[in-house]
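K.L.:
Make a model of this:
(chains A, B, C and D)
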2 protein chains.
Amino acid sequence: MNQTLDTRTRILSTARELFHGRSYADVGIKEICELAQVQKGSFYHFFPSKQDLAMAVIDNMADDWAHGFVAEAFDRDLPPLERLDYLVDAAYYWQKAAKDLEGRMPGCLFGNLALEISTRDEVIRARINAVFEKASARFDETLEEAVSMGLMPALDTAATAQAMLAYLEGVILLAKSRNDPEVVRILGPAIKTLRIELPLTN
Amino acid sequence: MNQTLDTRTRILSTARELFHGRSYADVGIKEICELAQVQKGSFYHFFPSKQDLAMAVIDNMADDWAHGFVAEAFDRDLPPLERLDYLVDAAYYWQKAAKDLEGRMPGCLFGNLALEISTRDEVIRARINAVFEKASARFDETLEEAVSMGLMPALDTAATAQAMLAYLEGVILLAKSRNDPEVVRILGPAIKTLRIELPLTN
DNA sequence: CCGAGAGTTGACCGACCGGTCGACTTGTTC
DNA sequence: GAACAAGTCGACCGGTCGGTCAACTCTCGG
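P.N.:
Predicted structure coming up:
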């Protein structure tokens, strides 16, 4: 049973690493199996298809995020606006570490998969979208708190939250296309300047 | 000779459409040839490899952009800040038209290719990056003009220009992952709120 | 000690991939 | 009309793709 979990986990984390570092289409099941030291038959014992593997990878990464640096960044003990800086810092250091190690910036797994797959696979697209919605909700909480504490003038927190998430993804995209994590450090902090006004209600 | 150009052009525009609507890896040369009504041998007469085709597609799209809506949006006769709105509008209508026609949002070809390929192919990555740098320069011009006209307080125009480009790409990414162009319309205008201050010099 | 289910193995499948090649057609030039 | 280059054609190549399968081992409850 321990060995069972090990095999599945090995496949999962190997796939995650490869998908993140390259792309979904570019990584074959054979390669995953070789790196994970698993036979092909065993692979298909745990995952009915490559698509299922992708879903599992997405869930796995989303989980790690939720319990990892996202939880730290959105820590309710931090002043709201500092959470945004923390998040940008975390993104920067992560990308920088990856680049120093492997020579190239992997970017954001979810952003990568979204652009690569979401025109071809509705199921995966929806799954990634759900991850983004959750992330957006964390931004929203933060903004609401900032507003209620009087740290920011009133604004459309839900829309601004999405704008901030979009900006973060965009900054990582640009940094990846330049293969330079410094882009994140330089452009990232401007996330706090984004504002979408409340719709006029009268 | 006319027929020659026709064949090459047919391959190019077919490939562009397919790459944009799906992805680089997902589209095979065979499929491109079939849609373009060209034989494989002819394909390799014009393009030495799939990579060369990708480069040609990038150049072709960048050209169309530069002479198309980018030229319109960054029209020097428009007030600087209106150019940004024009650009967001253009992005919105384009994505919306594509979605109405094909049911899915293709997103931005350059963003898509950047995230899919730039970890695997330095040459293509650099080419896409060059396109982004040119786009960023257009933003920069616009911001400099706005500042010199007193429409905006002084700011780091070069960095803010990059931030705006990143934001636009991020908004399109988020919209694609939701398969909903309205995201562009709602989040897009906030591009004007982005600011990166000038570095302190004293 | 047996049987059953979970997990493992690796050979094998048809389809498809990017790319090659030699034969052929067409248009141009002298 | 000979000569040549440009362009066209489609069969063919080795390799890889995602996925299948029957046979095997291991573990553990009864």
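
K.L.:
how about the strands in chain A?
P.N.:
With DSSP state E as the definition, chain A shows no strands.

K.L.:
Least confident secondary structure element in it?
P.N.:
helix A:69-73 (a mean of 84; mean pLDDT, DSSP states H and E).

K.L.:
other SSEs contacting that helix?
P.N.:
Identification of packing neighbours for helix A:69-73 by 3 or more Cβ pairs under 8 Å, 6 or more residues apart in numbering or on different chains; DSSP states H and E yields helix A:80-102. In this view, the C-beta of every residue, glycine as well, is placed from N, C-alpha and C.

K.L.:
Give me the contacts around the helix it packs on.
P.N.:
A:21, A:69-70, A:72-75, A:78, A:104-107, A:142-143, A:145-146, A:149, A:151-152, A:164, A:168, A:172, A:175, A:179, A:181, A:184-185, A:188-189, A:191-192 (Cβ atoms under 8 Å, 6 or more residues apart in numbering or on different chains).

K.L.:
So which of those belong to helices?
P.N.:
A:21, A:69-70, A:72-73, A:142-143, A:145-146, A:164, A:168, A:172, A:175, A:184-185 (DSSP state H).

K.L.:
For chain A, which residue gets nearest to chain B?
P.N.:
Going by Cβ to the nearest Cβ, chain B is nearest to A:Gly170 of chain A, at 2.5 Å.

K.L.:
Residue ranges in chain A under the pLDDT threshold?
P.N.:
Within chain A, the ranges that satisfy pLDDT under 70 run A:1-5, A:201-202.

K.L.:
what about burial for the contacts of helix A:80-102, which qualify?
P.N.:
A:21, A:69-70, A:73-74, A:104-107, A:142-143, A:145-146, A:152, A:164, A:168, A:172, A:175, A:179, A:181, A:184-185, A:188-189, A:191 (16 or more other Cβ atoms under 10 Å in any protein chain shown).

K.L.:
Out of these, which are close to DNA strand C?
P.N.:
By Cβ under 7 Å from any atom of the strand, no member of these lies near DNA strand C.

K.L.:
hang on, isn't A:Gln37 packed against A:Thr7?
P.N.:
No. Look at A:Gln37 against A:Thr7 with Cβ atoms under 8 Å: they stay out of range, at 9.0 Å.

K.L.:
quick one: which of the two has more around it?
P.N.:
When A:Gln37 and A:Thr7 are compared for neighbours, A:Thr7 comes out ahead with 18 against 11, by other Cβ atoms under 10 Å in any protein chain shown.

K.L.:
Check the gap between that one and A:Ser42 for me.
P.N.:
From A:Thr7 across to A:Ser42, the span is 6 Å (Cβ to Cβ, to the nearest Å).

K.L.:
can you check A:Ala54 too?
P.N.:
18 Å.

K.L.:
nearest residue to the residue of chain A closest to chain B other than its sequence neighbours?
P.N.:
B:Gly170 (2.5 Å; Cβ to Cβ, 6 or more residues apart in numbering or on different chains).

K.L.:
Enumerate every residue touching the one you found.
P.N.:
Contacts of B:Gly170 by Cβ under 8 Å, 6+ apart are A:Leu165, A:Ala166, A:Tyr167, A:Leu168, A:Glu169, A:Gly170, A:Val171, A:Leu173.
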